[in-house]
Structures are given as structure tokens and as C-alpha cells.
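**Q** Show me the folded form of this:
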Amino acid sequence: MEGGYGEDLVDVYLERVPHELLFHFWESRPGEGGQIGAALSRIDVPMLIAEHRGCLLFTSEGFEDAAAALPATRAIRLDDKPSTSPEFARALHAFCTEQVPASA
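**A** Predicted coordinates for the structure are as follows:
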């Protein structure tokens with residue numbers, strides 16, 4: 001998996017963390033998305049959100065729901081994990097630059 005976690009790291013993680021613990025972890029957080037969504041919807045500032053296509057933790061449907069719930073937000077989709085993506089760094093730089101008024 002380019003830009004994300006390497007297959008070797010995923011294998012080690014899955015060996016260390018039993019699947020049943022992963023399910024309990026996510027099931028214990030059912031309102032998490034709603035809580036952050038409600039908080040973000042109250043903030044009146046430009047936002048940029050990014051989807052990592054093929055993410056192991058979050059679905060495309062969830063990202064689409066988030067983008068729809070925050071219509072003034074710019075959404076981008078990346079093949080790499082945003083925290084390791086040069087494409088995301090460029091998009092974030094451009095987004096931030098757009099928010100700064102041009103000096104006279």
C-alpha cells in the first residue's frame with residue numbers, strides 16, 4: 001500500500017491486536033462521527049477535508065456523508081494517506097494561501 005502503512009506493518013498489527021478487540025473498540029464509539037460533525041458544522045471558517053482512498057479505517061461512504069454535511073468545505077480524495085502525501089501538502093498549502101488576503 002503506497003503512502004499508507006506497509007503490508008509488513010499491517011501484518012504485525014493484525015498479529016498483535018485480535019480482530020475481536022478492534023470490533024469492540026469501534027463499537028464503543030458509535031456517536032463519534034456525529035459529535036465531531038456537529039462541532040465542525042458550528043465553526044464558520046473555511047475547511048479542507050481529505051479522503052484516503054482505500055483507507056483501512058474509514059469508508060468512502062462515510063467521507064461522502066461528511067462532505068455532504070459540510071457543504072462549504074473543500075473535499076479532496078487522495079490515493080495516499082494525507083499525512084504522508086505530497087499531493088495533500090500541496091493542496092493544503094494552496095488552500096491556506098487562498099485564505100490569506102493579498103497584501104497591498
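**Q** Which strand or helix spans residue 50?
**A** Using DSSP states H and E, residue 50 maps to strand 48-52.
**Q** Not counting whichever helix or strand comes after that strand itself, show me its contacts.
**A** Under the assignment DSSP H and E, the closest C-terminal helix or strand after strand 48-52 is helix 60-69. Outside of helix 60-69, the residues within contact range by C-beta atoms under 8 Å, 6 or more residues apart in numbering are 33, 37, 41, 49, 51, 53, 73, 75, 77. Yep, even glycine has a C-beta here, placed from its N, CA and C like the rest.
**Q** What is the burial count for the last one?
**A** For residue 77, the tally of surrounding residues (other C-beta atoms under 10 Å) stands at 13.
**Q** mind checking how far the closest residue to it other than its chain neighbours is from residue 37?
**A** Once flanking residues are discounted, residue 77 sits nearest to residue 51: 4.5 Å by C-beta to C-beta, 6 or more residues apart in numbering. Plainly put, residue 51 is 15 Å away from residue 37 if you go by C-beta to C-beta, to the nearest Å.
**Q** neighbour-wise, which of the two wins?
**A** More neighbours surround residue 51 than the other of residue 51 and residue 37, with 19 against 15 (other C-beta under 10 Å).
**Q** Tell me where this protein has helices.
**A** Remark: helices assigned in the chain by DSSP state H are 7-16, 19-27, 32-41, 60-69, 86-99.
**Q** relative to strand 48-52, how tilted is the last one?
**A** Calculated by axes from the mean of the first three to the mean of the last three C-alpha atoms, to 10 degrees, helix 86-99 forms an angle of 170 degrees with strand 48-52.
**Q** Same check on the shortest one?
**A** Using the same axes, to 10 degrees, the inter-axis angle of helix 19-27 relative to strand 48-52 is 160 degrees.
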